[in-house]
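> take this sequence and fold it.
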Amino acid sequence: MLDKLRNVFQVPELKRRILFTLALFVVYRLGEHMPTPGVNAKALAGAFESQRGTLFGLYDFFVGGAFSRATVFALGIMPYISSSIILQLLGAVVPYLEKLRKEGEEGQKKITQLTRYGTVLISIVQSFAYSVFLVNMGASHGVTVVPHPGVLFAISTVVTQTAGTIFVMWLGEKITEHGIGNGISLIIFLNIVGRMPNSAFAAYDSFRAGSLSLLTLLAASVLGFFVTASVVLMTQGTRKIPVQYAKRIVGRRMYGGANTHIPLRVNTAGVIPIIFGLSVMSLPTAVAGFVPPTHPLAALGQWFSPRGAAYNIVYGLIVVFFTYFYTAVVLNPNDLAENMRKYGGFVPGIRPGRKTAEYIDRVLSRITLPGAVYLALIATVPDMIMTSMGLPFLNFGGTSVLIVVGVALDTLQQIESHLLMRHYEGFVKRGRIRGRQRM
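This is a model prediction of the structure:
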């Protein structure tokens, strides 16, 4: 393993990209500790303890604890993700956005610009709601979270949080452009991994205090191992559709005649349905948090508690629905069949054109079902088990594991591609085989 890590830093471009990514990680972590003006951080930390098992606590987990500390990165990268998802979903129903997706690089630049505008709009709305949340949080717990509430505090919070989100978005784009891996995903990865040592220390302190038994910790470790293994299996799982290309003679050269396949992932949608499901399910709790405790809508927070059975059932159904919906948006069987037909490709035993599209759609629908059910289970069951075991502070839910494993595998594949391009040994066995073949 040491030899493989040494190979990484022997490639100048790869070394530069990794060091650039680490440098921006440091900048991001520093920004997570810059406080928002006008907020009593100590009072907020004490009042926020009651929100640990709610969706606000989960949001705080995804932004690395910045939400509960009211730092300038309290909203994190989540507004950008929400804007990106909304535009992708609208691309299936809005002709203009669908046209931009088909225009190649120029169209993608316009979509990226629209995503940025949407990020600013969502950040303004969420930051204003966050200012109201901070004021109500202090009032509901009898502490002074905001010493001087009012219009000036709301304006300063909107400006600070919106600027923080834009800066985080810029960091993510620069990591993607000049670093290694997807910058937006790596920022969420950093937030989740950064909270794990604190969770481990909390479990150790509880064990020393006698509130947790050794058997419970061992059971949690076994659960974490199987959750991680299942996530890796489902993330890498594919259904390969064989494709043959007919031989064509153009001038004096012969093209085609190759056998290949279309890899359809069991989990094509990735973690997007879970994130979108959390956004939908957070609306009732958000409404309850932004009104005074005596308001009738405050009861929504109890009905939609993440620890309740009704919440998890509705949440699971929403994840299944959005898995099918998002898969249909990002993967169009008609486009696949048309591209195959243009280049003389066909599925053995299936007529090109409409029949091929119907076949791909049928296969995709069948493999999406276990993927959707798996996402629903991984989003709800591990968290319910951890809560029943008295370990909600570990934050080792299926959603976090799914994000961490997915981002780690994607980054590892990009590192391997750089190594194999320069004939260095990769991290996994198939990478070594490909490296020898290319040499």
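> report the residue ranges of every domain in the protein.
Domain ranges of the chain: 32-179, 213-396, per automatic domain parsing.
> the last one: how far from the chain's middle?
Spelled out, that is domain 213-396. 12 Å (Cα atoms, centre = their mean, to the nearest Å).
> mind checking the pLDDT average for it?
Domain 213-396 shows a mean pLDDT of 78.
> so what's the gap between the strand or helix carrying Ala139 and the chain middle?
Element membership for Ala139, per DSSP states H and E: helix 105-141. Average the C-alpha atoms of helix 105-141, do the same for its chain, and the two points are 17 Å apart (Cα atoms, centre = their mean).
> next SSE downstream of it?
Downstream of helix 105-141 (by DSSP H and E), the next one is helix 151-178.
> relative to the whole chain's centre, how far out is that following helix?
Offset of helix 151-178 from its chain centre (Cα atoms, centre = their mean): 19 Å.
> what about whatever helix or strand comes next after it, average pLDDT?
Where DSSP H and E defines the elements, the next helix or strand beyond helix 151-178 is helix 183-209. When pLDDT is averaged along helix 183-209, the result is 82.
> which strands and helices sit next to the strand or helix carrying Thr387?
Assessed by DSSP H and E, Thr387 sits inside helix 354-388. Under the contact definition 3 or more Cβ pairs under 8 Å, 6 or more residues apart in numbering; DSSP states H and E, helix 354-388 sits against helix 214-236, strand 238-245, strand 259-265, helix 272-289, helix 309-330, helix 333-342, helix 398-421. Every C-beta, even on glycine, is put in place using the N, C-alpha and C of the backbone.
> now do that helix against helix 398-421, angle only.
Angle of helix 354-388 versus helix 398-421, following axes from the mean of the first three to the mean of the last three Cα atoms, to 10 degrees, is 120 degrees.
> so for helix 354-388, what gets flagged as buried?
Buried residues in helix 354-388, counted by 16 or more other Cβ atoms under 10 Å: 356-357, 359-361, 363-364, 367-368, 371-372, 374-376, 378-386.
> show me what contacts the nearest residue in space to Val231 that is not next to it in sequence?
Spatial nearest neighbour of Val231, excluding adjacent residues (Cβ to Cβ, 6 or more residues apart in numbering): Val405 at 4.6 Å. Val405 is in contact with 228, 231-232, 235, counting by Cβ atoms under 8 Å, 6 or more residues apart in numbering.
> one more time with 10 Å
Applying Cβ atoms under 10 Å, 6 or more residues apart in numbering to Val405 gives the contacts 189, 227-232, 234-236, 271.
> most neighbours, which of these?
Val271 (24 neighbours; other Cβ atoms under 10 Å).
> next one: Met389 from Ala310, what distance?
Note on Met389: its distance to Ala310, by Cβ to Cβ, to the nearest Å, is 21 Å.
> quick one: closest of the helices and strands packed on helix 354-388 to Ile18.
Closest to Ile18 of the helices and strands packed on helix 354-388, according to Cβ to Cβ: helix 398-421, at 8.0 Å.
> buried residues in that closest one, which are they?
Per 16+ other Cβ under 10 Å, helix 398-421 contains these buried residues: 398-408, 410-412, 414-416, 418-420.
> pLDDT value on Val401, please?
Confidence score, pLDDT, at Val401: 81.
> Phe25 now?
92.
> that one: what's it in contact with?
Contact partners of Phe25, counting by Cβ under 10 Å, 6+ apart, are 171, 175, 179, 186-187, 189-190, 194.
> got it, and Ser156?
Applying Cβ under 10 Å, 6+ apart to Ser156 gives the contacts 36-39, 127, 131.
> next, format those residues as a markdown table and append pLDDT, neighbour count and distance to Leu22.
Below are the contacts of Ser156 laid out as a markdown table (pLDDT from 0 to 100; neighbours: other Cβ atoms under 10 Å; distance: Cβ to Cβ, whole Å):
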| residue | pLDDT | neighbour count | distance to Leu22 |
| --- | --- | --- | --- |
| Thr36 | 88 | 25 | 27 |
| Pro37 | 89 | 13 | 30 |
| Gly38 | 88 | 20 | 33 |
| Val39 | 88 | 23 | 30 |
| Ser127 | 91 | 24 | 29 |
| Ser131 | 89 | 26 | 34 |
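> and of those residues, the nearest to Tyr28?
Thr36 (16.4 Å).
> what's the nearest residue to that closest one if we skip its chain neighbours?
The shortest distance from Thr36 to any non-neighbouring residue, by Cβ to Cβ, 6+ apart, is to Ala70 (4.6 Å).
> neighbours around that neighbour, how many?
27.
> from what I can see it touches Tyr130, true?
Yes - Ala70 lies in contact with Tyr130 (Cβ atoms under 10 Å); the separation is 8.2 Å.
> so what sits against both of these two?
Both Ala70 and Tyr130 are in contact with 36, 157, 160-161, where contact means Cβ under 10 Å, 6+ apart.
> columns distance to Ser82 on top of these, output as JSON lines?
JSON lines is the format used below for the shared contacts of Ala70 and Tyr130 (distance: Cβ to Cβ, whole Å):
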{"residue": "Thr36", "distance to Ser82": "21"}
{"residue": "Thr157", "distance to Ser82": "19"}
{"residue": "Thr160", "distance to Ser82": "19"}
{"residue": "Gln161", "distance to Ser82": "14"}
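> from Ala41, how far off is His148?
Counting by Cβ to Cβ, the gap from His148 to Ala41 is 15 Å.
> before we move on, what about Phe201?
Phe201 sits 21 Å away from Ala41, going by Cβ to Cβ.
> show me which of the two is the more surrounded one.
Ala41 (13 against 10).
> so what's Met234 up against?
265-267, 370-371, 374-375, 378, 402, 405-406.
> out of the residues you listed, who's nearest Arg341?
Nearest to Arg341 among these: Arg265, at 22.9 Å, using Cβ to Cβ.
> what sits against that closest one?
Counting by Cβ under 10 Å, 6+ apart, Arg265 touches 234-239, 327, 331, 364, 367-368, 371.
> for the nearest residue to Pro37 once chain neighbours are set aside, give its distance to Met281.
Leaving out its chain neighbours, the residue that sits closest to Pro37 by Cβ to Cβ, 6+ apart is Ser156, at 5.4 Å. Distance of Ser156 to Met281, given as Cβ to Cβ: 30 Å.
> quick check: buried residues in stretch 109-121?
Under 16+ other Cβ under 10 Å, the buried positions of stretch 109-121 are 111, 114-116, 118-120.
> actually, stretch 153-173.
Buried, per 16+ other Cβ under 10 Å, within stretch 153-173: 153-154, 156-158, 160-162, 164-166, 168-169, 171-172.
> sorry, back to before: pLDDT check: weakest of the shared contacts of Ala70 and Tyr130?
Comparing those by pLDDT, Thr36 comes last, at 88.
> which residues are in contact with that one?
Contacts of Thr36 by Cβ under 10 Å, 6+ apart are 44, 66, 69-74, 127, 130-131, 134, 146, 153, 156-157, 160-161, 164.
> go on, Val143?
40, 42-44, 46-47, 137.
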